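Enquirer: Okay, sequence plus prediction incoming.
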Amino acid sequence: MIPPQFDCVRARSVEEAVAVLGEHDNAKLLAGGQSLLPILRLRLADPDMVVDLNRATGMHGIREEGDHLVIGAMTTHYEVMHSERVRRHCGLLAEATATVADPQVRHRGTFGGALSHADPAGDLPAVALAFGTTMVVAGPNGRRSVPASEFFVDYLQTALEPTEVLVEVRVPKLGTASGWGYCYEKFQRVAQAWAIVGVAALVRRSAGAIEEARIGLTNMGSRPLRATATEAALNGAEATAGAIDKAATVAADGTSPASDLSGQADYRQHLARVLTRSAVLTAAGI
Ligand SMILES: Cc1cc2nc3c(=O)[nH]c(=O)nc-3n(C[C@H](O)[C@H](O)[C@H](O)COP(=O)(O)OP(=O)(O)OC[C@H]3O[C@@H](n4cnc5c(N)ncnc54)[C@H](O)[C@@H]3O)c2cc1C
């Protein structure tokens, strides 16, 4: 189908994008277009103005700031997964990004677009939640920071106001360089498909114990979730297969996954337990 008619502005800066959003009640931001264009073509959205962010300055690239990586919202999936900084300091993000769709989508799609779209079946929101990232958002009154735990509100809904732009994402350095193991387990129907369920695990262990575990769940509700019961069971537990097996049995507690053509809710909860066990074992190096 052909998208509805709309005007388009190529914003040169974040401030210009915010100003245009403020002038229109029904405007949409365009990043990589990998989610927006299908939505327009299906006529599920009908904006009168599209604000193209591709030439806006200050939204691209990856830099280090102390114990964080700061990733511009317009940084593509391809750039994230091939970044030496991301691999070294936030390896889980590189690993999960490599499972997103196919090379064409990864060359166009952006980190910020994937988080702003907030599809609970998307791989990156659960990873952002597990890391405890912070979103830096620009609006008419300046910038504000929103923790990932407050950013993802509901199905395809974030804490972004209609006049706000996600500018960059601050990701804590929880990588091998600082003693964290990681694993992203994605169960999909065929290669390059969306996750039926995904599990993002970060584990820091000392000699015989798990000091901290952080686990994000993909497609286990209307927004990305943390497997909080498993995390609580793992923190301070012995770093053994038996302890991990036991903790993984509660991985689906508090989740409410959808039933659809790819799987029923109880099947997804079963997958969450199996994938959590596997992801934590790998992240813990067992
Ligand atoms: C065939 C196909 C397969 C896919 N498979 C997967 C998959 O397996 N896993 C996965 O995780 N994803 C998958 N995706 C989605 C892909 O990751 C997209 O890149 C992503 O969802 C959207 O990023 P984008 O940059 O293309 O954003 P766009 O499509 O340009 O925008 C998406 C939404 O976010 C808003 N937005 C974009 N940038 C900003 C910003 N900076 N601030 C505020 N709002 C903003 C837009 O207004 C729009 O509402 C797939 C997409 C396709 C087409």
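Expert: The structure has been received and is ready for your questions. Numbering: from 1, shown residues only.
Enquirer: Can you tell me the number of residues neighbouring the nearest residue to residue 139 once chain neighbours are set aside?
Expert: Nearest non-adjacent residue to residue 139, counting by CB to CB, 6 or more residues apart in numbering: residue 164, 4.1 Å away. The C-beta positions use only the backbone N, C-alpha and C, and glycine is treated the same way. Applying other CB atoms under 10 Å, we find 23 residues neighbouring residue 164.
Enquirer: Let me see the contact set for residue 164.
Expert: The contact partners of residue 164, taken as CB atoms under 8 Å, 6 or more residues apart in numbering, are 18, 21, 137, 138, 139.
Enquirer: where exactly do the helices run in the protein?
Expert: 14-23, 36-41, 77-82, 84-89, 91-97, 103-108, 111-117, 123-131, 148-151, 228-234, 241-248, 265-283 (DSSP state H).
Enquirer: okay, now the residue of the stretch 151-286 of the chain found nearest the ligand: neighbour count?
Expert: Closest approach between the stretch 151-286 of the chain and the ligand, counting by CB to the nearest ligand atom: residue 166, at 3.5 Å. For residue 166, the count of nearby residues is 27 (other CB under 10 Å).
Enquirer: you'd agree it is up against residue 116?
Expert: Yes. Taking contacts as CB atoms under 8 Å, residue 166 lies within contact range of residue 116: 5.1 Å.
Enquirer: near the ligand, which residues of the stretch 101-250 of the chain?
Expert: 101, 105, 109-110, 112-114, 116-117, 122-124, 160, 165-166, 194 (CB under 6 Å from any ligand atom).
Enquirer: And those residues, which two are furthest apart?
Expert: Among those, the pair separated by the greatest distance (CB to CB) is 165 and 194, at 25.9 Å.
Enquirer: Give the residue from those two that has the larger number of neighbours.
Expert: Neighbour count, other CB under 10 Å: between residue 165 and residue 194, residue 165 has more, with 26 against 18.
Enquirer: OK, contacts around the more buried one?
Expert: 14, 17, 18, 21, 29, 53, 73, 137, 138, 139.
Enquirer: out of the residues you listed, who has the most neighbours?
Expert: Ranking the contacts of residue 165 using other CB under 10 Å puts residue 73 first, with 28 neighbours.
Enquirer: How many residues are close by the nearest residue to that one once chain neighbours are set aside?
Expert: Nearest non-adjacent residue to residue 73, counting by CB to CB, 6+ apart: residue 112, 2.4 Å away. Residue 112 has 27 neighbouring residues, counting by other CB under 10 Å.
Enquirer: Let me know whether residue 112 touches residue 75 as I believe.
Expert: Yes. Using CB under 8 Å, residue 112 is in contact with residue 75, at 7.5 Å.
Enquirer: Could you double-check that residue 134 sits in contact with residue 146?
Expert: Yes. At 6.9 Å, residue 134 counts as touching residue 146 under the criterion of CB under 8 Å.
Enquirer: out of these two, which sits in the busier spot?
Expert: Set side by side, residue 134 and residue 146 show more neighbours around residue 134, with 21 against 18, by other CB under 10 Å.
Enquirer: ok, what's across the strand from the closest residue to the more buried one other than its chain neighbours?
Expert: The shortest distance from residue 134 to any non-neighbouring residue, by CB to CB, 6+ apart, is to residue 170 (4.4 Å). Each beta-bridge partner of residue 170 is listed here: residue 70, residue 134, as defined by DSSP bridges.
Enquirer: contacting residues for residue 170?
Expert: Here residue 170 is in contact with 65, 68, 69, 70, 133, 134, 135, 136, 145 (CB under 8 Å, 6+ apart).
Enquirer: One more pass at 6 Å, please.
Expert: With contact taken as CB atoms under 6 Å, 6 or more residues apart in numbering, residue 170 is in contact with 68, 70, 134.
Enquirer: Pull the number of nearby residues for the first one.
Expert: Applying other CB under 10 Å, we find 18 other residues in the vicinity of residue 68.
Enquirer: Could you measure from the spatially closest residue to it that is not a sequence neighbour over to residue 95?
Expert: Using CB to CB, 6+ apart and skipping residues adjacent in sequence, the residue nearest residue 68 is residue 170, 4.7 Å away. In this view, residue 170 and residue 95 are 20 Å apart by CB to CB, to the nearest Å.
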